[in-house]
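Q: Have a look at this fold, sequence not included:
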């Protein structure tokens with residue numbers, strides 16, 4: 001597939017998603033939301049993909065939601081029966097949430113490289129990623145409070161798992177900008193880089209390292225980390241038992257041990273493609 005709001009490519013088992021509207025601060029126009037769901041559906045269908053890197057172009061990572069694109073939609077929802085308009089709004093928010101939930105659910109790790117401003121919906125997006133890196137000039141803003149609304153696409157649900165809750169509340173209530181150095185101290189980003197080139201080179205290296213591991217083991221690791229985040233320790237340990245009962249006995253174990261003994265890189269086969277039992281229309 002080809003996409004309008006970002007470029008998509010695959011090399012060395014790593015998928016690249018690069019936002020390509022720098023003249024518009026990579027604002028999230030209407031097609032962006034459907035394209036994010038579509039590209040991650042494509043990633044799920046491509047078993048050769050073992051890691052994903054999201055990056056951007058221009059001065060800013062993203063200016064967030066393109067308000068002008070949603071002005072007419074919001075106006076239409078304010079008319080007519082209030083109950084029906086509210087139900088329609090609920091479904092619209094659910095669709096937008098799904099555009100970033102696909103990142104969280106993706107079977108492979110998703111890395112994101114952030115430069116300049118990461119505003120509003122950009123914070124929603126990065127909070128769904130596995131690893132975050134940024135440049136020294138990056139800054140983060142929960143912009144929604146500044147325009148009279150509550151952030152509704154994942155920031156308030158995921159960010160408290162990544163940073164101290166008191167800091168999340170401060171950012172969400174005030175709408176202030178958090179600079180890169182503070183984001184690093186708070187644990188939101190893994191590392192800060194002097195230049196975008198250095199950041200991208202490092203992120204690509206991490207992605208290639210992830211891609212060199214057993215894809216079955218990586219899938220299981222992400223599954224367990226996400227499940228543990230959302231459940232009790234006891235439930236997560238029980239799920240781990242069930243997972244290992246089905247996934248432990250794999251040729252990847254023998255290949256990893258043999259490669260280690262022979263002092264060579266291990267070679268793991270891709271996961272099997274999903275069987276399409278039901279054809280769904282998008």
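A: Noted; the coordinates are in hand. Every value quoted in this text rests on a predicted model; they were computed, and no experiment measured them.

Q: my guess is residue 174 contacts residue 145, does it?
A: Yes: the pair residue 174 / residue 145 is scored as a contact, 7.2 Å apart, by C-beta atoms under 8 Å. For every residue, glycine as well, the C-beta is placed using N, CA and C.

Q: So these two - more neighbours on which side?
A: Taking other C-beta atoms under 10 Å, residue 174 and residue 145 do not tie; residue 145 has more neighbours (17 against 12).

Q: The more buried one touches residue 176, doesn't it?
A: No: with contacts counted by C-beta under 8 Å, residue 145 stays clear of residue 176, the gap being 9.6 Å.

Q: which strands and helices sit next to the helix or strand where residue 94 lies?
A: For residue 94, the host element (DSSP states H and E) is helix 82-105. Judged by 3 or more C-beta pairs under 8 Å, 6 or more residues apart in numbering; DSSP states H and E, the packing partners of helix 82-105 are helix 30-45, helix 67-77, helix 121-127.

Q: outside of the first one, which residues touch it?
A: So the one you mean is helix 30-45. With contact meaning C-beta atoms under 8 Å, 6 or more residues apart in numbering, helix 30-45 is reached by 1, 3-6, 8, 15, 17, 49, 52, 66, 69-70, 95-96, 98-100, 102-103, 106-108, 273-274, 282.

Q: Going by secondary structure, residue 192 is in what exactly?
A: If you go by DSSP H and E, residue 192 is part of strand 191-193.

Q: What residues sit buried inside that strand?
A: The neighbour-count check on strand 191-193 (16 or more other C-beta atoms under 10 Å) flags 192, 193 as buried.

Q: Quick one: name whatever helix or strand follows it.
A: Sequence order places helix 196-211 as the next helix or strand after strand 191-193, per DSSP H and E.

Q: residues making contact with stretch 247-261?
A: Contacts for stretch 247-261 (C-beta under 8 Å, 6+ apart): 214, 216, 217, 220, 265, 266, 267, 268, 269.

Q: Give the rounded mean pLDDT of it.
A: For stretch 247-261, mean pLDDT rounds to 91.

Q: swap in stretch 126-143?
A: 98.

Q: sorry, back to before: just the contacts of stretch 247-261 now: which is nearest residue 157?
A: Using C-beta to C-beta, the shortest approach to residue 157 within these belongs to residue 220, at 24.0 Å.

Q: a helix runs through the closest one, doesn't it?
A: Yes: according to DSSP: H, G, I helix; E, B strand; the rest coil, residue 220 belongs to a helix.

Q: Sounds good, over and out.
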